[in-house]
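Asker: Here you go, sequence then predicted model.
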Amino acid sequence: MTMPSVSVIVPVYNGERFIEECLRSISGQRLDDVEIIVVDDGSTDGTAAICREYVAKERRARFIQKENAGVSAARNSGLDLAKGRYIAFVDADDWVTEDGLVHLLGKANASGADIVMGDYLIFDNGRTVRQTLAPVNTAQQVLTRVLSGEYHSALWNKLVRRELMLTARFPEEIGYLEDSVVLSRILVNGQPGVAFVNEVVYVYRQHGDAVTLSGGRKLLDLLTAHRLIAECLQEFGVEDAAREVLPDKIHRGTWFVLTMIDESVLDEAVSQARLHFHATRTQRRFASAGIKPMILNGLLRLPQPIAVAGFRAVRGVLTFASPARRKLVRQARSASNGAG
């Protein structure tokens with residue numbers, strides 16, 4: 001069998017509402033030599049039946065069912081089977097624009113780049129907003145913009161050479177921000193060539209961030225993701241610009257977790273944050289001064305019970321001072337109750 005130009009990996013869990021639209025968008029690409037790998041991560045709804053029906057009609061598609069182990073494990077299962085020269089990932093509730101993959105692959109073939117990125121749309125309640133990427137020249141520059149938040153860290157608007165993608169397995173211990181870990185790993189692996197297309201290649205369906213909104217334990221994955229990124233950058237070495245951005249990312253993320261996570265998980269969150277700060281102490285030497293880093297460093301040096309009480313007080317002050325935060329806390333509690 002001839003090697004496909006692109007392997008498209010679609011992990012799905014209980015995605016019966018949107019998966020058919022997603023898969024149709026991939027089949028509609030004007031690419032004959034595309035491989036479509038759909039990985040059902042133990043869905044309990046009608047997802048599997050929809051996927052089987054799709055695969056029966058789509059000769060380029062393969063369907064895998066596995067026990068539920070999280071999105072990272074599902075993506076790794078897809079990678080194990082992928083044969084394409086390039087790899088693309090599509091989330092089951094999103095879709096690829098008409099000729100989105102064609103634009104990405106065309107740029108990859110023309111430039112020889114290892115990673116190609118395109119613009120995308122955010123779709124929210126029927127409205128769309130275009131996110132345009134300002135092109136840069138090197139992978140290190142891309143990394144700096146990913147760490148700063150200027151570029152989205154997701155993989156869905158990117159095409160990655162298969163050999164490069166296989167060097168960066170998805171961390172199966174987390175199911176949140178796993179993309180950012182993998183993208184950081186591939187961007188620092190050697191000097192991969194990067195290219196951009198000034199076309200909208202993907203539509204990201206925004207539901208509101210269920211992880212951050214619920215404030216549940218999964219929010220702790222943010223700390224693990226940032227630690228894995230710090231270890232990666234420490235191992236491979238990065239330019240000054242990326243090294244200077246990382247500490248602020250660590251501080252912002254830790255502050256967010258400790259001030260937004262559900263009260264029932266706060267003690268565990270403080271304990272993990274203490275370990276997180278110890279593990280990233282070398283990278284945080286480059287941090288800029290500010291009130292949040294000062295509070296974090298001060299409280300996390302204290303004994304556990306005192307540190308927890310300190311963050312509980314900080315959370316109370318923030319909630320009292322900010323009407324927007326009070327609204328967010330109410331939404332988080334509502335989401336948490338609904339999940340239960």
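Answerer: That came in fine, so what should we check first?
Asker: Do a quick rundown of the strands in this structure.
Answerer: 6-12, 34-41, 61-66, 86-89, 95-96, 115-124, 127-131, 158-161, 194-205 (DSSP state E).
Asker: Show me what the second one packs onto, helices and strands only.
Answerer: Helices and strands touching strand 34-41, as assessed by 3 or more C-beta pairs under 8 Å, 6 or more residues apart in numbering; DSSP states H and E, comprise strand 6-12, helix 19-27, helix 47-57, strand 61-66, helix 71-81. All C-beta spots, glycine's among them, are computed from the backbone N, C-alpha and C.
Asker: Out of the ones you listed, which one sits most buried?
Answerer: Comparing those by mean neighbour count (mean count of other C-beta atoms under 10 Å), strand 6-12 ranks first with a mean of 25.
Asker: need the strands of the chain in a markdown table with mean pLDDT, can you?
Answerer: Converted to a markdown table, these look like this (pLDDT from 0 to 100):
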| stretch | mean pLDDT |
| --- | --- |
| strand 6-12 | 98 |
| strand 34-41 | 98 |
| strand 61-66 | 97 |
| strand 86-89 | 98 |
| strand 95-96 | 98 |
| strand 115-124 | 97 |
| strand 127-131 | 95 |
| strand 158-161 | 98 |
| strand 194-205 | 97 |
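Asker: Mean neighbour count, those: which tops it?
Answerer: Mean neighbour counts for those (mean count of other C-beta under 10 Å) peak at strand 86-89, with a mean of 27.
Asker: Report the strands that pair with that one, each with its relative direction.
Answerer: strand 6-12 (parallel), strand 158-161 (antiparallel) (DSSP bridges).
Asker: Can I get it in CSV, CA atoms only?
Answerer: Output in CSV follows, covering the C-alpha atoms of strand 86-89 (Å, rounded to 0.1, in the frame of the first residue of the first chain):
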residue,chain,number,x,y,z
TYR,A,86,2.2,13.8,8.1
ILE,A,87,-0.1,13.6,11.1
ALA,A,88,-3.1,15.7,11.9
PHE,A,89,-5.4,15.6,14.9
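Asker: Could you give the separation of it from the chain centroid?
Answerer: Mean-position distance between strand 86-89 and its chain equals 15 Å (C-alpha atoms, centre = their mean, to the nearest Å).
Asker: which residues sit against that strand?
Answerer: Contacts with strand 86-89, where a contact means C-beta atoms under 8 Å, 6 or more residues apart in numbering, come from 5-11, 75, 79, 101, 104-105, 108, 116, 155-156, 158-162, 165.
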